[in-house]
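the following comprises the amino acid sequence and a computationally predicted model.
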Amino acid sequence: MSKKGRVLMAMSGGIDSSVAAILLHEQGYEVIGLTMKTWDYASSGGSKKETGCCSLDSINDARAIAVEKGFPHYIIDIREEFGNHVIDNFVEEYMAGRTPNPCVMCNTHIKWEALLKRADMMDCEFIATGHYANVREENGRYVVSKGLDDWKDQSYVLWGVSQECLSRTMFPVGNFNKSVIRQMAFDMGFKDLAAKSESYEICFIPDNDYRGFIKRQLPGIEEKLADGNFVTTSGKVIGKHRGYPFYTIGQRKGLEVAVGEPLYVTEIQPNLNTVVLGTYEELKRQEMWVRDINLIKYASLESKTEAITRIRYKDKGTFSTLEQSGKNMKVTFHNAVTAVAPGQSAVFYEGNDVIGGGFIAKEPFINEARQQ
C-alpha cells in the first residue's frame, strides 16, 4: 500500500472524476477506480440515446483512464438501490405536489454509502469524487465548503452527506477552476476527455423531460389528473391544467392561461388536483420552514443564527435568520424571495462554509410528513 494511503475513487467517465483520479495517482495515492451503474434509461421507455454517467461509453472511458494509468477499476450495479431511494422518491415527491432534489437524494443515500461500504471491503482509507467542493476538519467537525470555481461549485448538493462519510472524503478538483481541469486533461494527452461537453440533465432523464418520465413511470396518470382547476390566490377558477404533478412553484411558461398579466404557480394542492396561480408579488415569501435538516459545520444551533440561504442550485443566496427546532429550521429572509418550492433543498452558508441544509416544507413544518 502507498504511504499516502489507498483511495476509492468514484469515476463516472467524465472529465472531473477522471482528472481527479489522475491527480491522486500522481500524488502517490494508491487509487482504485469505481464506476457505479445507477440507471438504465432504456428501461424507462425513453427514446433518447443513453448518455452520462450510466452509459456504456462512460463506463468504458473510466476504465480506459485506469488502464492507461495502471490502477484497478471496478463496476458495481446499484440500480436497485438507486431505484428504491432516488427514482421512487422523485415520483412520490411530484405526486405530493413537491419538487424533488434527486442529486441530493443520490449523494445522501446512495453514492457515499455505496462508496463507504466498498471502501471498507477494499481496505481503502479514503473515498474521493470529482465534485467541485472542499472538506476540512475543524473543531471536531468535518466541514464542507465551496469549490474555488464559483460557477461549478457543488457544495449545495452535499448538505446531506454524513459526518462519518465526510471524515474519509477527498475532493481533488475542489481547488481548481473547470478551465484548468480541462487544460490538465489536454496536457496529460487525453484530448477527447478534455473536449467532453458538460451534462446538466438529471442522469436518469437525459432528454430533460421530467413530465414524460413521470408519465412512463405512472401510466394513465395524465388522463386521471387532467382537467383540474387553475385558481387564483382568491379562489377564482380561471382555467384547466394538465395534471398538478406537471407544474412547479414559480413556473410561468406553459400555463396556457391568459388574464392580461403574468401569472406564476404559487401553490400546488394535490388533494384537490388544483394549481394556484398568482402575481409576482404573490410569489414572494418572507419566511420558510425546512425539515429533515443535517448540520455540517456545527452539531446544533443553540440560538438564532445569521446565514446566507440558497433555495436552488444556482441561487446566489439571501441573508436570513435561522431558528433550529430539533430536525426542523425556521428561516426568516431579510428580503423576500420568490419561488420557494417545497421539496427543494435549502442550504445554509457561513461565508464559504456549509452550515447545513434540509428540505423546504409546506407551512407549518411540524405537520409536514415526507415519505422516504
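That came through, no problem.

distance from stretch 84-94 to the middle of the chain?
13 Å (C-alpha atoms, centre = their mean, to the nearest Å).

sec struct for the residue nearest the centre of the chain, please.
Closest residue to the average C-alpha location of the chain: residue 103 at 2.8 Å, with C-alpha atoms, centre = their mean. Secondary structure, DSSP: H, G, I helix; E, B strand; the rest coil: residue 103 is helix.

does it touch residue 202 like I think?
Yes - contact criterion C-beta atoms under 8 Å: residue 103 and residue 202 qualify, at 7.5 Å. (C-beta placed from N, C-alpha, C; glycine too.)

so which residues of the stretch 51-200 of the chain form helices?
56-69, 79-82, 88-95, 102-106, 112-121, 163-166, 178-187, 191-194 (DSSP state H, counting those that start in this stretch).

in a markdown table, list these along with mean pLDDT and distance to residue 11.
Output for the helices of the stretch 51-200 of the chain, formatted as a markdown table (pLDDT from 0 to 100; distance: least, C-beta to C-beta, whole Å):
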| stretch | mean pLDDT | distance to residue 11 |
| --- | --- | --- |
| helix 56-69 | 89 | 4 |
| helix 79-82 | 88 | 17 |
| helix 88-95 | 95 | 24 |
| helix 102-106 | 92 | 16 |
| helix 112-121 | 93 | 11 |
| helix 163-166 | 96 | 18 |
| helix 178-187 | 95 | 14 |
| helix 191-194 | 88 | 12 |
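
from the ones you listed, which stretch is densest packed?
Mean neighbours per residue, mean count of other C-beta atoms under 10 Å, is largest over these for helix 102-106, with a mean of 23.

rewinding a little: so which of the helices of the stretch 51-200 of the chain comes closest to residue 259?
helix 88-95 (25.9 Å; C-beta to C-beta).

alpha carbons only: can I get the closest one in PDB?
Extracted in PDB, the C-alpha atoms of helix 88-95 (Å, rounded to 0.1, in the frame of the first residue of the first chain):
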ATOM      1  CA  ASP A  88     -39.300   6.300  -6.200                       C
ATOM      2  CA  ASN A  89     -38.700   9.400  -4.200                       C
ATOM      3  CA  PHE A  90     -38.600  11.500  -7.400                       C
ATOM      4  CA  VAL A  91     -42.000  10.300  -8.500                       C
ATOM      5  CA  GLU A  92     -43.600  10.400  -5.000                       C
ATOM      6  CA  GLU A  93     -42.500  14.000  -4.400                       C
ATOM      7  CA  TYR A  94     -44.100  15.200  -7.600                       C
ATOM      8  CA  MET A  95     -47.300  13.300  -6.700                       C
END
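
OK, contacts around the residue nearest to the centre of the chain?
By C-beta atoms under 8 Å, 6 or more residues apart in numbering, residue 103 lies in contact with 157, 202.

what domains does the record give for this structure?
Domain segmentation of the chain under automatic domain parsing yields 6-194, 224-279, 285-367.

need those domains in TSV (columns: distance to residue 207).
What follows is those, written out as TSV (distance: least, C-beta to C-beta, whole Å):
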stretch	distance to residue 207
domain 6-194	4
domain 224-279	15
domain 285-367	19
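
quick check: which of the ones you listed is nearest to residue 213?
domain 6-194 (6.2 Å).

now do the end-to-end distance for that closest one.
26 Å (C-alpha to C-alpha, to the nearest Å).

now that domain, how far from the centre of its chain.
That offset, for domain 6-194, works out to 12 Å (C-alpha atoms, centre = their mean).

please apply the same query to stretch 342-357.
Centre to centre, stretch against its chain (C-alpha atoms, centre = their mean), the figure for stretch 342-357 is 12 Å.

kindly export it (C-alpha atoms) in CSV.
Extracted in CSV, the C-alpha atoms of stretch 342-357 (Å, rounded to 0.1, in the frame of the first residue of the first chain):
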residue,chain,number,x,y,z
PRO,A,342,-41.5,22.6,-1.2
GLY,A,343,-39.3,19.5,-1.7
GLN,A,344,-36.3,21.5,-2.9
SER,A,345,-33.2,21.9,-0.8
ALA,A,346,-32.4,24.9,1.4
VAL,A,347,-28.7,25.1,2.2
PHE,A,348,-27.3,27.5,4.8
TYR,A,349,-23.9,29.1,4.4
GLU,A,350,-21.5,31.0,6.7
GLY,A,351,-19.1,32.6,4.2
ASN,A,352,-17.9,29.7,2.0
ASP,A,353,-18.8,27.0,4.6
VAL,A,354,-21.9,24.9,4.6
ILE,A,355,-23.7,25.2,7.9
GLY,A,356,-26.2,22.5,6.9
GLY,A,357,-29.3,22.0,4.9
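
secondary structure class for residue 340?
coil.

looking at the helices of the stretch 51-200 of the chain, which is closest to residue 139?
Across the helices of the stretch 51-200 of the chain (criterion: C-beta to C-beta), the nearest stretch is helix 163-166, sitting at 12.2 Å.

packing partners of the closest one?
The helices and strands touching helix 163-166, judged by 3 or more C-beta pairs under 8 Å, 6 or more residues apart in numbering; DSSP states H and E, are helix 112-121, strand 141-146.

show me where pLDDT drops low in this structure?
Counting by pLDDT under 70, the chain has low-confidence residues at 1-2, 41-55, 200, 364-372.

residue 232 - how many residues pack around it?
When neighbours are counted by other C-beta atoms under 10 Å, residue 232 registers 17.

surely it touches residue 238?
Yes - using C-beta under 8 Å, residue 232 is in contact with residue 238, at 6.0 Å.

which neighbours do these two share?
Common contacts of residue 232 and residue 238 (C-beta under 8 Å, 6+ apart): residue 277.

endpoints of stretch 158-175, how far apart?
16 Å.

kindly report the same for stretch 68-76.
By C-alpha to C-alpha, one end of stretch 68-76 lies 21 Å from the other end.

buried set for that stretch?
If you call a residue buried by 16 or more other C-beta atoms under 10 Å, then stretch 68-76 has these buried ones: 69, 71, 73.
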